[in-house]
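Chemist: Turn this into a model:
(one chain, ligands or ions: 2)
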Amino acid sequence: MDCLFCKIISGDIPSSKVYEDDMCLAFKDINPQTPVHILVIPKAHIASADGVNAENSKYVARIFEVIPQIAAEQGLVGGYRIISNCGEDACQSVKHLHFHIMGGRKLPENMG
Ligand code: 5GP
Ligand code: ZN
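Modeler: Ligands and ions are numbered 1, 2, ... in the order given. Okay, the predicted model is just below:
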């Protein structure tokens, strides 16, 4: 399958990993929008939040278990934002479910 994030999982495309286990991988966004900008992805190809179901929701559960650990390791003591763009209107550019962890400065209230 021609999926950028599946290639990052397989190691065919390099990434700056910050966390990895059997179900998920976290790495630095190549084009950071905030001082800390991490992407967390499931190690299963789920196209977007629309593709989450009873069979694969365990990946999402694991991601949300490790996000606080990643945030703490990244020094996000003041808080952080979790974003998942889903579909055209949200400008999802990579069609493999991912959660942006963003922080390291005060973020704007306005979400668009
Ligand atoms: P989206 O717009 O789909 O919510 O987010 C995709 C994110 O993936 C963007 O923030 C973009 O900078 C990041 N990205 C795209 N290609 C790569 C890549 O090859 N490596 C890494 N580390 N991030 C990428
Ligand atoms: Zn994929």
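Chemist: got the residue ranges for the strands in the chain?
Modeler: Assigned by DSSP state E, the strands in the chain fall at 17-20, 24-28, 36-42, 81-83, 99-103.
Chemist: Mean neighbour count added to these, as CSV?
Modeler: For every residue, glycine as well, the C-beta is placed using N, CA and C. As requested, the strands of the chain are arranged in CSV below (neighbours: other Cβ atoms under 10 Å):
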stretch, mean neighbour count
strand 17-20, 15
strand 24-28, 21
strand 36-42, 22
strand 81-83, 13
strand 99-103, 21
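Chemist: got those as a markdown table, with distance to Ile70 and mean pLDDT columns?
Modeler: Below are these laid out as a markdown table (distance: least, Cβ to Cβ, whole Å; pLDDT from 0 to 100):
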| stretch | distance to Ile70 | mean pLDDT |
| --- | --- | --- |
| strand 17-20 | 5 | 98 |
| strand 24-28 | 5 | 98 |
| strand 36-42 | 6 | 98 |
| strand 81-83 | 11 | 98 |
| strand 99-103 | 6 | 98 |
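Chemist: Among those strands, single out whichever gets nearest to Gly112.
Modeler: Gly112 sits nearest to strand 81-83 of all the strands of the chain, at 10.1 Å, using Cβ to Cβ.
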